[in-house]
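1. Sequence isn't available, so here's the structure alone:
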Ligand code: IPM
Ligand code: MG
């Protein structure tokens, strides 16, 4: 049966890096059918909404979805529920991709591109598993109100249910089994009820389903510090939606550039995964052909591995990126001067 990959280039550098990944897909999986749709600001401009029912239906029907990036200054003044980011959140929620895998590995060739010392990052390979469809990102009530006496207030609700914590914890345990077998769960159980709840739930899920996996707990602020002090102590970091967002941006800098980091968002077995670079739409360099295509290309690599069951093609992509970097291929974010196309050519050359 033909597999389909839905490309949602989005905004800013999204279309440039998605096009690079599509070129690679044609070479390593020529039988893969690609479709294209609009999301984010691009969808607002065309249809007045960041995610149409049609795009969501296309995504649900695909085998995997590769998204570029959403957002940009052009849409800062639109109402919150119509912002480009809501397209991304709607897609995550609509596909129910609750487990967001954000690997941070340091390619040997980039050890000196990190802002941290070589010995801290050399050989780094950790995986952040971030809960993606609940927590403070979606909790109700939320709002900005004015009280009767004129006092204004802004508020959000951080909430998790036991099934939500259980399913993402089980993914983290499973991922750890295929790695070094260690999960570090992070929260703020010292100040937050959801933090304490998270810690207790993770502990009982581990007791029931965690055979062979070592579980530890860490406060999220301490984890932020440990990530730059001694990141190699971590194997799998399990975090809620908000802490996972923050810690994955931090972890990206260990690898040299946020332009290197892919992510996979997975739901239950048999549903399409959503794959996207961790970086944003980078409006400051959009349209100039300067973006690093590696994060998008490595997101394709994750799609081939996690949703499309093509590990050989995934290995080819991973190997080619590593070899291109070893050969000195560098975009601007990595201290070089290659354009997006030149970087992609250098990777294609090593396939
Ligand atoms: C990410 C981004 C998104 C998030 C934004 C664009 C909504 O920062 O994927 O990490 O906060 O989840
Ligand atoms: Mg983020």
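-> In hand now; what should we look at? These numbers were taken from a predicted model, which means no experiment stands behind them. Ligands and ions are numbered 1, 2, ... in the order given.
2. Which residue lies closest in space to whichever residue of the stretch 1-150 of the chain sits closest to ligand 1, excluding its sequence neighbours?
-> Nearest residue of the stretch 1-150 of the chain to ligand 1: residue 85, at 4.0 Å (Cβ to the nearest ligand atom). Heads up, the C-betas are built off the backbone N, CA and C, glycines and all. Nearest non-adjacent residue to residue 85, counting by Cβ to Cβ, 6 or more residues apart in numbering: residue 71, 5.7 Å away.
3. sec struct for the one you found, please.
-> coil (DSSP: H, G, I helix; E, B strand; the rest coil).
4. cool, residue 265 as well?
-> Classified using three-state DSSP, residue 265 is strand.
5. Show me what it is bridged to.
-> Beta-bridge pairing for residue 265 (DSSP bridges): residue 100, residue 274.
6. my read: residue 104 touches residue 256, true?
-> No. With contacts counted by Cβ atoms under 8 Å, residue 104 stays clear of residue 256, the gap being 10.3 Å.
7. Name the residues of the stretch 1-150 of the chain found near ligand 1, please.
-> 85, 88 (Cβ under 6 Å from any ligand atom).
8. tell me the helices in the stretch 1-150 of the chain, going along the chain?
-> Ranges of helices in the stretch 1-150 of the chain, per DSSP state H, counting those that start in this stretch, are 14-28, 41-47, 53-61, 84-95, 118-121.
9. For those helices, give me CSV that also has mean neighbour count.
-> What follows is these, written out as CSV (neighbours: other Cβ atoms under 10 Å):
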stretch, mean neighbour count
helix 14-28, 22
helix 41-47, 19
helix 53-61, 16
helix 84-95, 21
helix 118-121, 15
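10. Check the secondary structure at the closest residue to ligand 1 within the stretch 101-250 of the chain for me.
-> Distances between the stretch 101-250 of the chain and ligand 1 by Cβ to the nearest ligand atom are smallest at residue 245, namely 4.6 Å. Put simply, residue 245 is helix when judged by three-state DSSP.
11. Just the pLDDT for it.
-> Predicted confidence (pLDDT) for residue 245: 95.
12. Now do it against residue 343, distance only.
-> The spacing between residue 245 and residue 343, counted by Cβ to Cβ, to the nearest Å, is 27 Å.
13. Equivalent analysis for residue 2, please.
-> From residue 2 to residue 343 the distance is 30 Å (Cβ to Cβ).
14. between these two, who's got more neighbours?
-> residue 343 (29 against 7; other Cβ atoms under 10 Å).
15. Can you give me every residue that contacts that one?
-> When contacts are counted by Cβ atoms under 8 Å, 6 or more residues apart in numbering, residue 343 touches 20, 292-294, 324, 329-331.
16. surely residue 249 meets residue 278?
-> Yes. Look at residue 249 against residue 278 with Cβ under 8 Å: they come within range, at 7.2 Å.
17. which residues are common contacts for the two?
-> By Cβ under 8 Å, 6+ apart, the residues touching both residue 249 and residue 278 are residue 258.
18. Compare neighbour counts for these two and give me the winner.
-> Set residue 249 next to residue 278 and count neighbours by other Cβ under 10 Å: residue 278 wins out with 25 against 15.
19. Can you pull the phi/psi pair for the more buried one?
-> Taking degrees, to the nearest 10, you get phi -70, psi -20 for the backbone angles of residue 278.
20. That one: what's its closest spatial neighbour, skipping adjacent residues?
-> residue 261 (4.1 Å).
21. measure that neighbour to residue 333 for me?
-> From residue 261 over to residue 333 (counting by Cβ to Cβ), the distance is 11 Å.
22. Of these two, give the one with the bigger neighbour count.
-> residue 261 (26 against 19).
23. wait, what's in contact with that one?
-> Residue 261 touches 102-104, 248, 251-252, 255, 277-279, 295, 298, counting by Cβ under 8 Å, 6+ apart.
24. how about a cut-off of 10 Å?
-> 102-105, 128, 248-249, 251-255, 277-279, 294-295, 298-299 (Cβ atoms under 10 Å, 6 or more residues apart in numbering).
25. can you check residue 285 too?
-> Counting by Cβ under 10 Å, 6+ apart, residue 285 has contacts 12-13, 16, 291-292, 331-333, 340.
26. from these, which has minimum pLDDT?
-> Lowest pLDDT of the contacts of residue 285: residue 333, 92.
27. Surely that one is in contact with residue 253?
-> No. Under the criterion of Cβ atoms under 10 Å, residue 333 makes no contact with residue 253, lying 11.1 Å away.
28. Setting aside sequence neighbours, what's the nearest residue to residue 310?
-> Of all residues not flanking residue 310 in the chain, residue 304 sits nearest, at 4.4 Å (Cβ to Cβ, 6+ apart).
29. meant to ask about residue 47, not that
-> Per Cβ to Cβ, 6+ apart, closest to residue 47 is residue 38, 7.3 Å.
30. Relative to residue 75, how far out is the residue positioned nearest the centre of the chain?
-> Taking Cα atoms, centre = their mean as the criterion, residue 263 is the residue nearest the geometric centre of the chain, at 3.3 Å. Distance, residue 263 to residue 75, using Cβ to Cβ: 22 Å.
31. One more: residue 57?
-> 23 Å.
32. cool, residue 85 as well?
-> 9 Å.
33. Quickly list what's touching both of the two.
-> 40-41, 50.
34. Could you dump those into a markdown table and include distance to residue 65 and pLDDT?
-> Shown next, in a markdown table, are those (distance: Cβ to Cβ, whole Å; pLDDT from 0 to 100):
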| residue | distance to residue 65 | pLDDT |
| --- | --- | --- |
| 40 | 13 | 97 |
| 41 | 18 | 97 |
| 50 | 15 | 97 |
